[in-house]
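Asks: Provided below for reference: sequence and predicted model.
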Amino acid sequence: MSDLFGSAGLETGAPRPLADRLRPQALSEVVGQDHLLGEGGTLRRMLDAGSLQSLILWGPPGTGKTTIARLLAAETKLRFVQLSAILSGVADLRKAFAEAEAARAAGQGTLLFVDEVHRFDKRQQDAFLPHVEAGTVTLVGATTENPSFALNPAVLSRCQVLRLKRLDDDALATILSRAEGDASLPLTKEGRASLLGMADGDGRFLLSLVESLRALPKGTPPLGPEDLAAFVQRRAPSFDNEAHYDLASVLQKSIRGSDTDAALYWCARMLEGGEDPRFVLRRLTVIASEDIGNADPRALPLVIAARAAYEALGDPEGHHAIGQAVAFLASAPKSNRAYRALKLAKAAARETGTLPPPRHALNAPTKLMKSEGYGQGYEYDHDTPDGHAGLNYFPEGMARQRFYEPSDRGAEARIAEQMRAYEARRRSRE
């Protein structure tokens, strides 16, 4: 048998989950992936040209990766062999390749589908290479992780990566209609919309919710959003390695863009998705210096205080301090001038090498050092009328450079004014 239950040795009449019973029987029945399967789509063009190549199907859970792989095998008349990287090892791979070699000798090609392919280590991934290159198997791997980080470059170079989209409400509504058939679920219009929201783009999870609703006693009044929430479990937000980096990026950019509400939303997505709050706080610490800087010098100590509060309170109370920090950072004036200044100073330090400090800035605890001019010409700034002597502290022989150019925003405007006064004093001495 070609289906998952048959390949597992279960009888055709055995109880099967709704998601398996409603699995599409043709690629035209797959919803939500028209960019791949519709007219002019990438996979449709491959099939029409009769040249299916090895693929990596990358996308969120419940978007049809396994179904598409099975239907590709059926449409191209290839043997369908499925492995799970979670359950399989090198011995399973060797067996699959040996069987594929035998099938090839008999004139039958093999589509080897590897679910969660990113779970294989480098050695296991490398085992695919000679068999893919020789055409023994057409590899179709499925992953929820970004292939750029999760798969070996050698594997990626031999496969085309196709990204599956999260199922939108129209696609989920189509699946729900198929699942209902002639028997509508006990849902109000609002409850139906809420059910689609609970699925969160995952068609498989939607069908498991439908099975739960079908178990309700006959005559159950239609459920609205609140009743539905009390009855079924909302899908936990997806949070894999890709989301880890993507959400950290959008959080920082929301704060940098002063979109306070969006920043709070993405912070909440991270926390609700299971991200370590300490990682969020580390990112906020970076943001406080990189994006707010001296436009509001309170930002950095506030984030450090938020981290201390979290360590003292733990979950979930410590999240309040994180939210306070996010709201403050997003609404604060922004400046990356201090961040840029350090980058410029580092570049100058690399170029100038080991120039010695000016002698007036060096201590002279011995007579020899005094005779060498150490400390000569130094003026103690606190003894001057304005608290600033105006000395130059760049290395001798190095022209002064301007690294830090304060903005005119927030507290940095006052810093800029003070720096202009200091510069004027230096020029007067020169």
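Replies: Sure, I can see it. Residues are numbered from 1 along each chain as shown.

Asks: can you pull out the helices in the stretch 51-200 of the chain?
Replies: Using DSSP state H, counting those that start in this stretch, the helices found in the stretch 51-200 of the chain span residues 65-75, 90-105, 122-126, 129-133, 147-150, 153-156, 169-180, 189-199.

Asks: Now do the buried residues in the top helix by length along the chain.
Replies: The single longest helix within the chain, with elements called by DSSP state H, is helix 411-429. Residues Ala411, Glu412, Ile415, Ala416 are the ones in helix 411-429 that count as buried (16 or more other Cβ atoms under 10 Å). C-beta: built from backbone N, CA, C; applies to glycine.

Asks: what's in contact with it?
Replies: 293-297, 333, 335, 337, 386, 388-392, 404-408 (Cβ atoms under 8 Å, 6 or more residues apart in numbering).

Asks: In PyMOL, select just the buried ones from these.
Replies: Buried subset of the contacts of helix 411-429, written as a PyMOL selection, criterion 16+ other Cβ under 10 Å:
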select buried, resi 293+294+295+296+297+333+335+337+389+390+404+406+407
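
Asks: Do a quick rundown of the strands in the stretch 1-150 of the chain.
Replies: 55-58, 79-84, 110-115, 138-143 (DSSP state E, counting those that start in this stretch).

Asks: tell me the angle of the second one relative to strand 110-115?
Replies: When axes from the mean of the first three to the mean of the last three Cα atoms, to 10 degrees is applied, the directions of strand 79-84 and strand 110-115 differ by 20 degrees.

Asks: who does strand 79-84 touch, helix- and strand-wise?
Replies: helix 65-75, helix 90-105, strand 110-115 (3 or more Cβ pairs under 8 Å, 6 or more residues apart in numbering; DSSP states H and E).

Asks: Can you name every helix or strand that the last one contacts?
Replies: Counting contacts by 3+ Cβ pairs under 8 Å, 6+ apart, strand 110-115 packs against helix 65-75, strand 79-84, helix 90-105, strand 138-143.

Asks: Ok, the longest one next?
Replies: Secondary-structure packing of helix 90-105 (3+ Cβ pairs under 8 Å, 6+ apart): strand 79-84, strand 110-115, helix 122-126.

Asks: in it, what's buried?
Replies: Leu93, Ala96, Phe97, Ala100, Ala103, Arg104.

Asks: and those residues as CSV, adding distance to Leu111 and pLDDT?
Replies: CSV is the format used below for the buried residues of helix 90-105 (distance: Cβ to Cβ, whole Å; pLDDT from 0 to 100):
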residue, distance to Leu111, pLDDT
Leu93, 15, 90
Ala96, 11, 94
Phe97, 13, 94
Ala100, 9, 95
Ala103, 11, 95
Arg104, 12, 94
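
Asks: from those residues, which is closest to Ser54?
Replies: Of all the buried residues of helix 90-105, Ala100 has the smallest distance to Ser54: 12.9 Å, by Cβ to Cβ.

Asks: Using the record's assignment, carve this structure into domains.
Replies: 4-163, 169-231, 241-331, 342-429 (automatic domain parsing).

Asks: contacting residues around Leu294?
Replies: You called it Leu, but residue 294 is Asn. Ser335, Arg337, Ala338, Pro406, Gly410, Ala411, Glu412, Ile415.

Asks: Look at it and report its pLDDT.
Replies: As predicted, Asn294 sits at a pLDDT of 96.

Asks: same thing with the one 4 residues further on?
Replies: At Arg298 the predicted local confidence, pLDDT, stands at 97.

Asks: What backbone torsions are found at it?
Replies: phi -70, psi -20 (degrees, to the nearest 10).

Asks: Please give me every residue in contact with it.
Replies: Counting by Cβ under 8 Å, 6+ apart, Arg298 has contacts Phe328, Ala332.

Asks: Please compute how far stretch 392-404 lies from its chain's middle.
Replies: For stretch 392-404, the separation from the chain centroid amounts to 42 Å (computed by Cα atoms, centre = their mean, to the nearest Å).

Asks: Would you mind extracting the C-alpha trace of that stretch into CSV?
Replies: Extracted in CSV, the C-alpha atoms of stretch 392-404 (Å, rounded to 0.1, in the frame of the first residue of the first chain):
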residue,chain,number,x,y,z
ASN,A,392,45.1,66.6,23.0
TYR,A,393,45.2,62.9,23.9
PHE,A,394,45.7,61.4,20.5
PRO,A,395,49.1,59.7,19.8
GLU,A,396,51.9,62.1,19.0
GLY,A,397,52.2,62.4,15.2
MET,A,398,48.6,61.3,14.5
ALA,A,399,46.2,63.8,13.2
ARG,A,400,43.0,64.2,15.3
GLN,A,401,40.0,62.4,14.0
ARG,A,402,36.3,62.8,14.7
PHE,A,403,34.6,59.5,15.4
TYR,A,404,31.7,60.6,17.5
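
Asks: Can you pull the phi/psi pair for Gln33?
Replies: Dihedral angles (degrees, to the nearest 10) for Gln33: phi -130, psi 40.

Asks: That one against Ile68, yeah?
Replies: Yes. In this structure, Gln33 is within contact of Ile68 by Cβ atoms under 8 Å, at 7.3 Å.

Asks: Identify the contacts common to those two.
Replies: Counting by Cβ under 8 Å, 6+ apart, the residues touching both Gln33 and Ile68 are Leu164.
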